[in-house]
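# Predicted model and sequence below, questions to follow.
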Amino acid sequence: MSELYQKIHSRLEQGQASRLISRYSPAGIERRLIEEDHTDPGTGGLSFETADDTLTLTERFAPRPRLVILGGGHISLPLCAFAKRLDFDIWLYDDRPSFANPQRFPEAHTVICDDFARLHKRLNLRESDYVTILTRGHKHDILCLESLLRGKIPHYIGMIGSKRRIAIVKKEIAAKTNCEGLLGKFYAPIGLEIGSVTPEEIALSIMAEIIKLKRLGKDGSGTKKPQEECIDPELLLWLTQNQDERAALVTIIEASGSTPREIGAKMAVTLSGGIIGSIGGGCAEAEAITRARDVIDQSGYHLLEIDLADSAEEDGMVCGGHMQILVEAI
C-alpha cells in the first residue's frame with residue numbers, strides 16, 4: 001500500500017492528480033491507481049458506491065491550490081504567510097533580486113527572479129491557479145497581464161491599485177485580442193471590501209476573496225458544503241514511509257448535518273497508539289480510535305456509523321450530525 005501512496009505523493013509534487021479506486025469485498029481489498037494525464041489539477045474529492053457485499057471507494061488526490069504572487073513588496077509578505085496557513089502552494093515572482101529571494105519569503109514553495117514579461121515561460125500556469133498582481137506600477141501590471149494572455153487563463157486574477165491605475169490597465173488590456181477570458185476572471189480592486197488599511201489587513205481581504213471564490217463560486221451562491229481535500233500532507237508522507245508498523249486508516253466516507261470534518265478527512269492509528277491526522281477530535285474520533293485498534297488486531301475493514309446528536313446534547317458540543325467511517329487495517 002505504501003508504494004501506491006509513494007506514487008500519489010510523487011505525482012502531487014509534480015502538480016499531477018491521481019484517482020485511487022479501492023474495492024472492498026468479503027474476498028479482500030483490491031486497489032488500482034489511475035494517473036490523470038491532463039494538467040489542470042482541479043480539486044480533491046471522495047465518492048463511494050455499494051453493490052451486494054461490495055464497497056467501492058474512489059478518491060481523487062489533487063495538488064494543493066497554487067497562489068502565484070507577482071511582486072514581492074510589503075503586502076506580499078503577510079499574504080504569503082496567510083496563504084501558507086491556508087495550505088496554498090505559493091509561488092513568488094519579482095524582477096528584483098532583493099525582493100525575489102527565499103530568505104525574504106521562506107513560506108514560498110518557489111521564488112523566481114525574472115522579468116515580468118517572461119512569467120508565462122517560467123510558471124507554466126494552470127487554469128486552477130490563483131494569481132495576485134501586486135507590482136510597483138501599472139507598467140509592470142500590464143506586462144503581467146499581457147504575459148498571462150499567452151497561456152492558460154488562471155481561475156482568479158486579482159490586481160491591486162488605485163481607481164486611476166486600474167482604469168489605465170483595463171483600457172490598455174481591453175485593446176488586446178483574446179482578452180475576454182482574462183477580464184472575465186479579473187478582480188480589481190483586489191480583495192473583499194472590509195475597510196482594510198494596513199498590509200496585513202489588505203492581505204487578509206485578498207485571501208478572504210480567494211477563499212470565497214474557491215468555496216462558493218464566482219457569484220457567491222454556492223450552498224453545498226465543500227468536500228475536504230482527500231488527505232493532509234503529514235499523513236500522506238507518513239503513508240509513503242510506513243513499511244512495517246501495523247496501523248489502521250480511518251476515512252470519513254459520508255457526512256450529514258453539523259460535523260467537525262467533511263467527506264474525505266482521514267487519520268491513521270498505529271498499534272503503538274500513535275495518531276496521524278484527524279477526523280475532527282472529540283467523542284467521534286475517540287470512538288474511531290477504539291474501533292481502529294480492534295481492526296488492527298482482526299485485519300480487514302469495518303464500516304462505523306457515528307451519530308453525534310446524543311453526544312452534542314449531553315456534552316454541549318457544537319456538532320450534532322452523522323458520519324459514516326471506513327476503518328481498514330494497513
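Okay, I see it. Residues are numbered from 1 along each chain as shown.

# now the helices for the protein?
2-13, 76-85, 119-123, 138-148, 163-174, 180-183, 199-216, 233-241, 282-298, 309-315 (DSSP state H).

# can you redo those helices as a markdown table with mean pLDDT?
Supplementary listing: the helices of the chain in a markdown table, determined by pLDDT from 0 to 100:
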| stretch | mean pLDDT |
| --- | --- |
| helix 2-13 | 91 |
| helix 76-85 | 97 |
| helix 119-123 | 93 |
| helix 138-148 | 93 |
| helix 163-174 | 90 |
| helix 180-183 | 84 |
| helix 199-216 | 95 |
| helix 233-241 | 90 |
| helix 282-298 | 90 |
| helix 309-315 | 57 |
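
# got those as CSV, with distance to residue 107 columns?
Every C-beta, even on glycine, is put in place using the N, C-alpha and C of the backbone. Shown next, in CSV, are the helices of the chain (distance: least, CB to CB, whole Å):
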stretch, distance to residue 107
helix 2-13, 17
helix 76-85, 4
helix 119-123, 18
helix 138-148, 21
helix 163-174, 28
helix 180-183, 28
helix 199-216, 12
helix 233-241, 14
helix 282-298, 29
helix 309-315, 37
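
# Which one, of the ones you listed, ends up nearest to residue 328?
helix 282-298 (6.8 Å; CB to CB).

# To residue 131, which of the helices of the chain lies closest?
Closest among the helices of the chain, using CB to CB: helix 138-148, at 7.0 Å.

# is it true that residue 90 touches residue 67?
Yes - with contacts counted by CB atoms under 8 Å, residue 90 reaches residue 67, the gap being 5.2 Å.

# out of these two, which sits in the more crowded spot?
Neighbour count, other CB atoms under 10 Å: between residue 90 and residue 67, residue 67 has more, with 26 against 21.

# List the residues that contact that one.
83, 88, 89, 90, 91, 129, 130, 131, 132, 210 (CB atoms under 8 Å, 6 or more residues apart in numbering).

# mind listing what the closest residue to it other than its chain neighbours touches?
Among residues not flanking residue 67 along the chain, residue 88 sits closest, at 4.3 Å (CB to CB, 6 or more residues apart in numbering). Counting by CB under 8 Å, 6+ apart, residue 88 touches 64, 65, 66, 67, 130.

# Let's check: the centremost residue of the chain is which one?
residue 64 (3.9 Å; CA atoms, centre = their mean).

# what's next to stretch 193-206, contact-wise?
With CB under 8 Å, 6+ apart, stretch 193-206 has contacts from 74-75, 77-79, 81-82, 132, 158, 160, 190-192, 208.
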